[in-house]
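1. sequence plus the predicted model coming up.
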Amino acid sequence: MKNASTRPIVISGPSGAGKSTFLKRLFAEYPDKFGFSVSHTTRSPRAGEVDGVEYNFVTRDEFLAGVARGEFIENAEFSGNLYGTTIQAVKSVGDKGRICILDIDMQGVKLVKATDLNPYYLSVQPPSVEELEKRLRGRGTEKEEDIQGRLAAAQGELDYAKEEGAYDETIVNDDLESAYAKFKAYIDKITASS
Ligand SMILES: Nc1ncnc2c1ncn2[C@@H]1O[C@H](COP(=O)(O)OP(=O)(O)OP(=O)(O)O)[C@@H](O)[C@H]1O
């Protein structure tokens with residue numbers, strides 16, 4: 001029997017579609033099977049943060065040199081600090097025998113597609129934009145203008161997901177129990193030993 005595949009799994013979909021809800025349940029069921037990549041940042045470590053655990057802490061020069069060498073999948077600046085994810089950071093999760101989960105938006109999906117990571121692409125979708133709006137409001141974590149921005153972005157995410165070959169699988173998160181069961185069945189299928 002071959003080792004189980006450690007191909008990464010991309011999980012994408014509009015904000016509020018239910019990605020975190022699914023992942024929380026999945027990680028609870030399989031505590032040692034999955035992992036997230038460790039991002040790079042130029043910000044200083046806070047008390048208790050360990051290099052290589054919370055982040056890979058690097059200087060601005062090191063970060064920009066990595067970007068110039070094409071090592072980053074994506075990077076962005078927030079309040080004067082650079083943050084990003086390297087291709088190697090995703091591969092390192094697999095090297096440790098875990099399956100890397102990438103919870104990213106459509107822009108991230110397009111960037112991952114330009115790398116040699118060869119993940120599975122899974123789209124999580126709300127049953128409707130109206131229901132998505134209800135759930136975002138129900139979650140109560142965003143301000144009104146933020147909710148409007150997320151709903152506008154949601155339409156773009158749903159349009160992209162309709163493009164031929166954009167995703168390997170789509171799960172519509174209508175009833176949570178049955179949608180999670182489908183999600184888990186797909187993950188079980190692609191992570192089974194061959
Ligand atoms: N099937 C469902 N039925 C009703 N409510 C749900 C369902 N799935 C998730 N929710 C709720 O909808 C809200 C959004 O879900 P969640 O936070 O998992 O979305 P997300 O895709 O991770 O969003 P983001 O990309 O913003 O992190 C949460 O309050 C969650 O409890």
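-> Perfect, I can see it now.
2. so which bits of the helix ranked longest in the chain are buried?
-> Assignment by DSSP state H gives helix 144-162 as the longest helix of the chain. Using 16 or more other Cβ atoms under 10 Å as the test for burial, helix 144-162 gives 147, 150-151, 154, 157-158, 160-161. From N, CA and C alone the C-beta is placed, and that goes for glycine too.
3. show me where pLDDT drops low in the chain?
-> 1-4, 193-194 (pLDDT under 70).
4. so what's the backbone phi/psi at the most centrally placed residue in it?
-> With distances taken as Cα atoms, centre = their mean, Asp103 lies nearest the centre of the chain, 1.1 Å away. As for Asp103, its main-chain torsions (degrees, to the nearest 10) stand at phi -100, psi 100.
5. and Arg98, by the same measure?
-> Torsion angles, degrees, to the nearest 10, at Arg98: phi -110, psi 160.
6. ok, it - contacts?
-> 6, 32-35 (Cβ atoms under 8 Å, 6 or more residues apart in numbering).
7. chain center to the longest helix of the chain, what's the gap?
-> The chain centre lies 16 Å from the centre of helix 144-162; the measure is Cα atoms, centre = their mean, to the nearest Å.
8. how far off centre is the next helix or strand after it?
-> Per DSSP states H and E, helix 144-162 leads on to strand 169-172 as the next helix or strand towards the C-terminus. Put simply, strand 169-172 sits 15 Å off its chain's centre (Cα atoms, centre = their mean).
9. check for me that Ala76 belongs to a helix.
-> No: counting by DSSP: H, G, I helix; E, B strand; the rest coil, Ala76 falls outside a helix, being strand.
10. partner residues bridging it?
-> Applying DSSP bridges to Ala76 gives these bridge partners: Tyr83.
11. closest one to the ligand out of the contacts of Arg98, please.
-> Nearest to the ligand among those, counting by Cβ to the nearest ligand atom, is Phe34 at 15.3 Å.
12. contact partners for that closest one?
-> 26-27, 98-101.
13. which residues of this protein lie near the ligand?
-> Counting by Cβ under 6 Å from any ligand atom, the residues of the chain close to the ligand are 13, 15-21, 135, 138-139, 173, 176, 179.
14. just among the residues you listed, which is most surrounded?
-> Gly13 (29 neighbours; other Cβ atoms under 10 Å).
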